[in-house]
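1. the following comprises the amino acid sequence and a computationally predicted model.
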Amino acid sequence: MHAKTLSFFLVFLTVFSYHGTTQNLYDFGFTRNHHIPVNASPDSLHMPWAGGMNAVRFSEIDLDLDGDPDLVAFEKHGNRILPFLRQNDGLVFAPQFIHLFPSLHDWAIFHDYNHDGKADIFTYGLAGIAIYRNISQDTLAFELLTDQLTAYYYDGPVNIFASPDDYPVIADVDGDGHTDILNFWVLGKYVHFLRNYSTDPETFDLRLENECWGHFAEAADNNLITLFSDCNDKQGDDDHLRHVGSTLLLHDFDGNGLADLLVGDIDSPHLILLSNHGTSSEARMTEQDTAFPSGAPVDLLSMPAPSLITLPGSATPSLLVSPADPSLTKSQDHSSVWRYDYNTLLQQFTLVQTDFLQGDMLDVGSGCRPVLFDWNGDGLLDLFLANYGTFDSASTVNGFVTSSFSSSIRYFKNVGSSSSPAFEMMTDDFGHLRALNLQALHPTFGDMDGDGLPDMLCGLRDGTLMSVSNARIAAANAPAADFGITPHFQGIDVGDFSTPQLFDLDGDGRQDLVIGNRRGLLSHYRDTRTSGAPLFARVTDTLGGVDVRNFELSYFGHSVPWLYRDPQRGTVLFCGSEQGNVFYYKDIDGNLGHDFTLSESNLAESIGGQAFPLREGKRTGIAVADLNGDGKPDMVVGNYAGGCAYFEGSAPLPHSIAEHHPGFDMRAYPNPTSGILHLDADILMHRISLYNIQGQRLAVKTPNSLSCQADLSSLPAGIYLIQVETGKGNVVKRIIKL
């Protein structure tokens, strides 16, 4: 038992209170609406609020259990699931299925290992391969089968090595009807064949059958492949041998009855096809095509990941390709999902489009940051989407690929009404800033020069601020680089990745500056002018005690503040973060010198009358306002994959959360219990909440431990819910008290 088990639930029960006639409600309700119209000339986007794509891999799964396979994309830059229903020979974004999936990370491959007709999930687990079995009956559902798949190597069973960056093969490799695995040797370079000897489809008996499958080797520092290798070079300098970062796809491309291999490689934009001319029992790659497919080879930095998917209206599988490089600042991020259809006359894959599905979404490249401001003064809030940048070019320095990104701001005019917002893109380079080759522009709006007209103040990657005058923004053509630009505005520097918001925080009628940064904290600058242009003076770099870092996962927090003045609750703070949580703070008015109250470590969305934690990806940005005039705040949430989601304000829900099991192991035992309940997890439990079945939150505590125990003996008999919040998501367990 962990040392911090303490008397945790003795403390827990001292804050216990039971009120049978009231419910503990969230302060706000948010319900996803992905039908708010957006026109990005010349056409309206079909799925504008799907969240964008950078680095995705596709799989097929029956989402609605109608017997037809639907499509799901796993986004590596944020560990997001994007489900698409097959409807009327097309694909429709279906976010209602997102929360039916477990929390996945690094990579995901959907494959029906037990031949029950339902696609299971193979994903990166505890330094290996985890499996979620598809147990769907009336609705889509999964259960964790194992978080460490094992195989018999040399002397006994061990955890199968899997890199968080590679895409292995999960398939019937040898045609015997059982699910096998192809993965790289621990230092890369050679492919291991793990054959499944089990005769029971529900179990695995994996054994290292061949440690030189295909008889080829990858080079240590590039994507060159040597054929006819015997894989015996496993001694010497690890740096000479090591090759990490490849994607694999197994398929008989030449129709000779033997499985060929398609290989993508880190720091390379190309796919290499290895042709198998061995036997059914001994694969041997004897030819390679380094410009696949012929006619229009894949050219996607970096580490292209291929999928073969039969799309609606097609009789043959299409080849879908997107980058899989884990770096957030290397891969192509626009036109980064290439679709090839198979041409039966030419007998080859033909490039059809370079923005499959992506072109139907709001997608600004990498790092979408939404901001709401009435720029044209018509009384309707317009939408601005800034970004970290969009991919421009790449170069190789000392053998490593370095990519260049240029940040810009897109301006969407609100062409709807006070009760029904709709947006139309007016420019993709607001303020003519793209040519400056900056990164991580983050705008806020106010009169910065005292002329009575709104200007733009931008945060930058280096932590400084840059003022952009109204005159520059209004210029019809891109002016000289220095026209209307004030760099290093008033000498303010909050560290890296400044994210400013102008907001009258202290109620003195002048706008203050609140600025987030890479550390995850907030700085406060007060406007001290007596007349003319604003003059900002630093008050604190730790405003409200806000800190959105998760030290289990990163030393950085990437705080993105959005202060909002609610008619009932006064000033509240929503804050985006590095890990994607949207933090919510209150008790701000009259309390600027003290810590704000952290009410929610991650906002919830309402789905079917139940609350689910937001899962919008990495490095979220937030903009909140009442856009439809119903008195409830609406919310736009951006993510690092370049897109955003729209949530309408709705009635607050009780703090009852649907039972959910993410990608980590947590046990609550004994269950049922008459007294002591033990909680164990393989990841730190940050906060634990106890609810009754009516949705009342009865108690809450923050143990930050791996284990703790609860004395439930004083509770009435019945059903309760325990919610555990961790750095990898939340889990809810149903507890029966005897």
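-> That came in fine, so what should we check first?
2. count of neighbours near residue 202?
-> Counted with other C-beta atoms under 10 Å, residues neighbouring residue 202 total 11. Every residue, glycine included, has its C-beta placed from N, CA and C.
3. swap that for residue 601, please
-> Neighbourhood size, residue 601 [other C-beta under 10 Å]: 18.
4. give me the distance between it and residue 546.
-> Distance of residue 601 to residue 546, given as C-beta to C-beta, to the nearest Å: 12 Å.
5. now list whatever residues contact both of the two.
-> Common contacts of residue 601 and residue 546 (C-beta atoms under 8 Å, 6 or more residues apart in numbering): residue 583.
6. so where do the helices sit in the stretch 351-500 of the chain?
-> Using DSSP state H, counting those that start in this stretch, the helices of the stretch 351-500 of the chain run over 470-474.
7. scratch that, the chain is what I was asking about
-> Per DSSP state H, the chain carries helices over the ranges 8-14, 238-241, 470-474.
8. mean pLDDT for these: which is lowest?
-> Of all the helices of the chain, mean pLDDT reaches its minimum on helix 8-14 (a mean of 36).
9. give me every residue that touches the closest residue in space to residue 646 that isn't next to it in sequence.
-> Excluding the flanking residues, the one nearest residue 646 by C-beta to C-beta, 6 or more residues apart in numbering is residue 49, at 4.6 Å. By C-beta under 8 Å, 6+ apart, the residues touching residue 49 are 32-34, 36, 38, 361-362, 643-646.
10. same list, these, but as JSON lines with pLDDT please.
-> Below are the contacts of residue 49 laid out as JSON lines (pLDDT from 0 to 100):
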{"residue": "32", "pLDDT": "97"}
{"residue": "33", "pLDDT": "96"}
{"residue": "34", "pLDDT": "94"}
{"residue": "36", "pLDDT": "97"}
{"residue": "38", "pLDDT": "97"}
{"residue": "361", "pLDDT": "97"}
{"residue": "362", "pLDDT": "97"}
{"residue": "643", "pLDDT": "98"}
{"residue": "644", "pLDDT": "98"}
{"residue": "645", "pLDDT": "98"}
{"residue": "646", "pLDDT": "98"}
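11. okay, and which of the residues you listed map to strands?
-> 32, 38, 644-646 (DSSP state E).
12. and the gap between the closest residue to residue 306 other than its chain neighbours and residue 168?
-> Ranked by C-beta to C-beta, 6+ apart and with sequence neighbours excluded, the top spatial neighbour of residue 306 is residue 249, at 4.5 Å. The gap separating residue 249 from residue 168 is 10 Å, by C-beta to C-beta.
13. same check on residue 227?
-> Distance of residue 227 to residue 168, computed by C-beta to C-beta: 21 Å.
14. neighbour-wise, which of the two wins?
-> Between residue 227 and residue 168, counted using other C-beta under 10 Å, the more crowded position is residue 168 (25 against 15).
15. what residues does the residue nearest to that one when sequence neighbours are not counted make contact with?
-> Leaving aside its chain neighbours, residue 168 sits nearest to residue 183 (4.1 Å; criterion: C-beta to C-beta, 6+ apart). Residue 183 sits next to 160-162, 166, 168-169, 191-192, 194 when contact means C-beta under 8 Å, 6+ apart.
16. low-scoring stretches of this protein, by residue?
-> When residues are selected by pLDDT under 70, those of the chain lie in 1-23, 41, 234-244, 656-665, 693-696, 727-729.
17. try 50 this time
-> Low-confidence segments of the chain (pLDDT under 50): 1-23, 236-241, 658-661.
18. quick one: the strands in the stretch 451-600 of the chain?
-> Applying DSSP state E, counting those that start in this stretch to the stretch 451-600 of the chain gives strands spanning 455-459, 465-468, 485-486, 499-503, 512-516, 522-527, 536-540, 560-566, 570-576, 583-586, 597-600.
19. ok, now the stretch 51-200 of the chain?
-> 56-61, 70-75, 80-87, 90-93, 108-111, 120-124, 129-134, 142-146, 150-153, 156-159, 169-171, 180-184, 191-196.
20. can you lay out these as JSON lines showing distance to residue 555?
-> Converted to JSON lines, the strands of the stretch 51-200 of the chain look like this (distance: least, C-beta to C-beta, whole Å):
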{"stretch": "strand 56-61", "distance to residue 555": "28"}
{"stretch": "strand 70-75", "distance to residue 555": "24"}
{"stretch": "strand 80-87", "distance to residue 555": "23"}
{"stretch": "strand 90-93", "distance to residue 555": "35"}
{"stretch": "strand 108-111", "distance to residue 555": "27"}
{"stretch": "strand 120-124", "distance to residue 555": "22"}
{"stretch": "strand 129-134", "distance to residue 555": "26"}
{"stretch": "strand 142-146", "distance to residue 555": "29"}
{"stretch": "strand 150-153", "distance to residue 555": "33"}
{"stretch": "strand 156-159", "distance to residue 555": "28"}
{"stretch": "strand 169-171", "distance to residue 555": "34"}
{"stretch": "strand 180-184", "distance to residue 555": "30"}
{"stretch": "strand 191-196", "distance to residue 555": "35"}
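21. wait, which of these is closest to residue 718?
-> Closest of these to residue 718 is strand 142-146, at 25.1 Å (criterion: C-beta to C-beta).
22. who are the contact partners of residue 94?
-> When contacts are counted by C-beta under 8 Å, 6+ apart, residue 94 is found next to 63-64, 70, 83-85.
23. most neighbours among the ones in strands among the contacts of residue 49, which one?
-> residue 644 (30 neighbours).
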